[in-house]
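Participant: Just need the structure, nothing else, for what follows:
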Amino acid sequence: MSPRFARVSARPGVNPQRTKRVNLMRILVAEDDAMQREIVDAHLRSWGYEPTLCEHGGQVCDALAADDPPSLLLLDWNMPVVDGLELCRRIRDSE
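Facilitator: Residues are numbered from 1 along each chain as shown. Sure, this is the predicted structure:
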């Protein structure tokens, strides 16, 4: 037997697939493994978020320098160019 999961709505009687979301939360996903990046992207989109995908820390630095950076970062620990730990240090030091 395989487990079955029910989709739970935040408000009873509201179908999340039919609800138009006006202000999507932007989430930056930094992952150097393409398959993992696509899996996280698919899940975030199905939950109504707007992911931005980055392959390495250098792309994350560029995205954070933009006028409207994402609200949340999901960082891989080991990445080329700049790793997740170094990104955290840079972000903390810039505040």
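Participant: Just confirm Arg45 contacts Pro51, I think it does.
Facilitator: Yes: counting by C-beta atoms under 8 Å, Arg45 touches Pro51, with 6.6 Å between them. In short, each C-beta sits where N, CA and C put it, glycine included.
Participant: ok, Leu75 touching Ile27?
Facilitator: No: at 11.1 Å, Leu75 does not count as touching Ile27 under the criterion of C-beta under 8 Å.
Participant: This structure: strands as residue ranges?
Facilitator: 26-30, 50-54, 72-75 (DSSP state E).
Participant: any idea how far the closest residue to Ile27 other than its chain neighbours lies from Thr52?
Facilitator: With sequence-adjacent residues excluded and distances taken as C-beta to C-beta, 6 or more residues apart in numbering, Ile27 is closest to Leu72, at 4.6 Å. For Leu72, the distance to Thr52 equals 10 Å [C-beta to C-beta, to the nearest Å].
Participant: Mutual contacts of the two, please.
Facilitator: 26-28 (C-beta atoms under 8 Å, 6 or more residues apart in numbering).
Participant: Could you list the low-confidence segments of the protein?
Facilitator: For the chain, the stretches with pLDDT under 70 are 1-23.
Participant: how about 50 then?
Facilitator: Residue ranges of the chain with pLDDT under 50: 1-14, 19.
Participant: quick one: the helices in it?
Facilitator: 34-46, 57-64, 84-94 (DSSP state H).
Participant: Pick the most deeply packed of those helices.
Facilitator: helix 57-64 (a mean of 18; mean count of other C-beta atoms under 10 Å).
Participant: and that helix, how far out from the chain's middle?
Facilitator: 13 Å (C-alpha atoms, centre = their mean, to the nearest Å).
Participant: Taking their axis directions, that helix and helix 84-94 sit at what angle?
Facilitator: Put simply, helix 57-64 runs at 30 degrees to helix 84-94, going by axes from the mean of the first three to the mean of the last three C-alpha atoms, to 10 degrees.
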